[in-house]
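K.L.:
Structure for the following, please:
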Amino acid sequence: MRYIPALLIFTGCLLAVSSGAPRRITVVDCFNMTVAPENAIVLKDGRWFLGTGDGVTVSVAVVDIKNGFIRIEKGKEGWLEAALFFKKDGTPILVMSMKMLKGSLCSVEDSVQVFEIREGVAVETASLLPILPMDPFFKEGFDFFDKKKIGDFAHTVRVSYRLPRRGADIKATLDMACFEWVTGRDGGVGAEMSPEDKIHIRNFLEGIKCKVIDIKWDMDKGRFVVDDACR
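P.N.:
Model prediction:
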């Protein structure tokens, strides 16, 4: 669990149970504070399930209580991840990141949210996590791209946030799935690229500085900090 001293875990993050004895708060507890009761994650017959709100449950791909991590998958439609961090005083911080397709690889709903758990209530606290612009991922910044150089391909990339199952670094990742599909690099629709399009694609690829930037959890500061390294 995100590098917190054992004493703080057991003094600052406790829940009451039916026996009256306290237990450590888990990533499932925190996740369930952010959703309606019918959408909660529950354990049934040794397996974790997510409620869909219509009485149906779906299996959850990963629930790692020890490392404070959840991953929910919907096949090719997308995924949702949740990871639990702690401030130095033991306050739980839950981060949730989601990517869902809306018809194609180029029509995507994605988001990243941060919740601070205060007295059993999840309070959204966006200021704890910096949301990166596109500029750091490109050699000359993103603004240097214009239609004369790369056509419309600037609209085919986005930044997604992959949460850690182990360690404490969120990976802000240049998501190029739409670009790969549009340009035919993964067998998508781009097989009929014009000579001009091919020049645009080359200019675009040559402009990329890196595809991953780490955002590190700083327990002392109680917030995430962007790493200067770009890879």
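K.L.:
the longest helix in the protein is where?
P.N.:
In the chain, taking DSSP state H as the definition, the longest helix is helix 195-207.
K.L.:
Show me what that helix is packed against.
P.N.:
The contact analysis (3 or more CB pairs under 8 Å, 6 or more residues apart in numbering; DSSP states H and E) places helix 195-207 against helix 147-150. From N, CA and C alone the C-beta is placed, and that goes for glycine too.
K.L.:
pLDDT averaged over the helix it packs on - what is it?
P.N.:
Averaging pLDDT along helix 147-150 gives 56.
K.L.:
what about the helices in the protein?
P.N.:
Going by DSSP H, the chain shows helices at 6-12, 27-33, 147-150, 177-182, 195-207.
K.L.:
could you give the mean pLDDT of the second one?
P.N.:
Yep, that's helix 27-33 we're talking about. In this model, helix 27-33 has an average pLDDT of 97.
K.L.:
Pro67 against Arg166, yeah?
P.N.:
Quick fix: residue 67 is Asn, not Pro. Yes - if you go by CB atoms under 8 Å, Asn67 and Arg166 touch, sitting 5.7 Å apart.
K.L.:
Neighbour count: these two, which is higher?
P.N.:
Taking neighbours as other CB atoms under 10 Å, Asn67 and Arg166 compare with Asn67 leading, 15 against 11.
K.L.:
From Val225, how far out is that one?
P.N.:
Going from Asn67 to Val225 by CB to CB, to the nearest Å gives 21 Å.
K.L.:
Out of the helices and strands in this structure, which is least certain?
P.N.:
In the chain, no helix or strand scores lower on mean pLDDT, DSSP states H and E than helix 6-12, which sits at a mean of 30.
K.L.:
Report the separation between Glu140 and Lys209.
P.N.:
9 Å.
K.L.:
how much distance is there from stretch 104-112 to the middle of the chain?
P.N.:
From the chain centre to the centre of stretch 104-112 is a distance of 12 Å (CA atoms, centre = their mean, to the nearest Å).
K.L.:
Tell me which residues are up against that stretch.
P.N.:
Contacts to stretch 104-112, defined as CB atoms under 8 Å, 6 or more residues apart in numbering, come from residues 78, 95-102, 129, 131, 156, 158, 160-161, 177-178, 180-182, 188.
K.L.:
That stretch: which residues count as buried?
P.N.:
By neighbour count, with 16 or more other CB atoms under 10 Å as the criterion, the buried positions of stretch 104-112 are 105-106, 108, 112.
K.L.:
How about stretch 198-215?
P.N.:
Residues 200-201, 203-204, 207, 213-215 are the ones in stretch 198-215 that count as buried (16+ other CB under 10 Å).
K.L.:
Quote the end-to-end distance of it.
P.N.:
From its first residue to its last, stretch 198-215 covers 34 Å (CA to CA, to the nearest Å).
K.L.:
now it: mean pLDDT?
P.N.:
88.
K.L.:
for stretch 218-225, same thing?
P.N.:
Stretch 218-225 carries an average pLDDT of 96.
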